[in-house]
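Engineer: okay, structure incoming, though there's no sequence with it:
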């Protein structure tokens with residue numbers, strides 16, 4: 001078991017109220033959370049990453065407690081050792097590919113220098129076939145290159161798990177198929193457990209060693 005979730009969080013009030021209530025244990029190295037828009041998928045991912053603090057419950061990654069409401073434990077995002085890939089990739093537009101990858105390795109708020117040549121950055125530039133794009137800015141990249149840059153930034157920190165928020169939503173159909181193949185091969189090679197959220201059944205077919213269906217903030221089905 002690499003991930004244990006018991007997450008309860010309430011938002012809003014009255015007719016606008018929404019409750020996220022998910023309790024599950026994951027042992028399969030690749031899991032997909034499926035559900036329509038508004039099901040609570042992104043909220044769940046943010047809770048794991050430390051971007052949202054649940055009202056109560058607990059979150060444990062590889063036996064390490066990231067959050068426990070009863071014990072008052074809530075590790076900050078940078079201490080959780082999770083790689084997070086946002087739906088829009090969240091690349092910093094004023095930084096080059098090299099700087100974006102290095103950003104997660106930099107302490108404080110200072111941007112990495114353009115001339116920085118860290119071994120981890122060089123490794124992921126090569127692994128993601130981005131060496132010729134190292135000094136380009138995000139607006140100069142294709143959709144697939146932006147996704148590879150976001151993945152490289154997440155993986156450069158050597159995370160204990162990889163969290164992906166609709167990673168193929170911004171890509172056209174042929175590129176989605178290609179990037180699924182690349183991501184599957186990468187995950188298998190690195191043996192990093194992965195939780196991917198999506199509304200696309202094709203993602204579940206490609207990565208669903210375990211498929212969780214979320215609706216209205218609640219887990220309605222778990223297929224392993």
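Structural biologist: The structure has been received and is ready for your questions. Here the structure is a predicted model, which means the values were calculated and not measured.
Engineer: alpha carbons only for contacts and neighbour counts from here, please
Structural biologist: Will do.
Engineer: beta partners for residue 82?
Structural biologist: residue 161 (DSSP bridges).
Engineer: got the contact list for it?
Structural biologist: Residue 82 sits next to 49, 154, 159, 160, 161, 162, 163 when contact means Cα atoms under 8 Å, 6 or more residues apart in numbering.
Engineer: can you check residue 138 too?
Structural biologist: Going by Cα under 8 Å, 6+ apart, residue 138 touches 91, 92, 93, 95, 96, 97, 146.
Engineer: related to what we said a few turns ago, among the contacts of residue 82, who's most crowded?
Structural biologist: The most crowded member of the contacts of residue 82 is residue 154, carrying 27 neighbours; neighbours defined as other Cα atoms under 10 Å.
Engineer: ok but it is inside a helix, no?
Structural biologist: Yes. If the criterion is DSSP: H, G, I helix; E, B strand; the rest coil, then residue 154 is within a helix.
Engineer: please name the nearest non-neighbouring residue to it.
Structural biologist: Closest residue to residue 154 apart from its sequence neighbours, by Cα to Cα, 6 or more residues apart in numbering: residue 83 at 4.4 Å.
Engineer: now do the helices in the protein.
Structural biologist: Using DSSP state H, the helices of the chain run over residues 41-49, 97-103, 119-127, 143-155, 173-190, 201-207.
Engineer: quick one: pLDDT of the most centrally placed residue in the chain?
Structural biologist: The residue lying closest to the centre of the chain (Cα atoms, centre = their mean) is residue 163, at 2.3 Å. Looking at residue 163, its pLDDT is 97.
Engineer: pretty sure it contacts residue 85?
Structural biologist: Yes. Using Cα atoms under 8 Å, residue 163 makes contact with residue 85 at a distance of 6.2 Å.
Engineer: which intervals of this protein have sub-threshold pLDDT?
Structural biologist: 107-111, 113-116 (pLDDT under 70).
Engineer: domains in it, by residue range?
Structural biologist: Annotated domains of the chain cover 1-81+159-224, 92-156 [automatic domain parsing].
Engineer: give me the distance between the two termini of the last one.
Structural biologist: Using Cα to Cα, to the nearest Å, one end of domain 92-156 lies 16 Å from the other.
Engineer: likewise for stretch 124-143?
Structural biologist: Note: stretch 124-143 ends 18 Å apart using Cα to Cα.
Engineer: do stretch 152-169 as well
Structural biologist: With Cα to Cα applied, stretch 152-169 spans 18 Å between its terminal residues.
Engineer: so what touches it?
Structural biologist: By Cα under 8 Å, 6+ apart, stretch 152-169 touches 42, 45, 49, 61-62, 81-89, 100-105, 120-121, 124-125, 128, 147, 176, 179, 192-199.
Engineer: what do you get for stretch 201-211?
Structural biologist: Stretch 201-211 is contacted by residues 26, 28-34, 180, 184, 222-224 when judged by Cα under 8 Å, 6+ apart.
Engineer: and it, what's buried?
Structural biologist: Going by neighbour count (16 or more other Cα atoms under 10 Å), the buried part of stretch 201-211 is 203, 204, 207, 208, 210, 211.
Engineer: distance check, the fifth one against residue 74.
Structural biologist: Read that as residue 210. Applying Cα to Cα to residue 210 and residue 74 gives a distance of 27 Å.
Engineer: can you check the third one too?
Structural biologist: For residue 207, the distance to residue 74 equals 29 Å [Cα to Cα].
Engineer: kindly report the same for the last one.
Structural biologist: As judged by Cα to Cα, residue 211 and residue 74 stand 27 Å apart.
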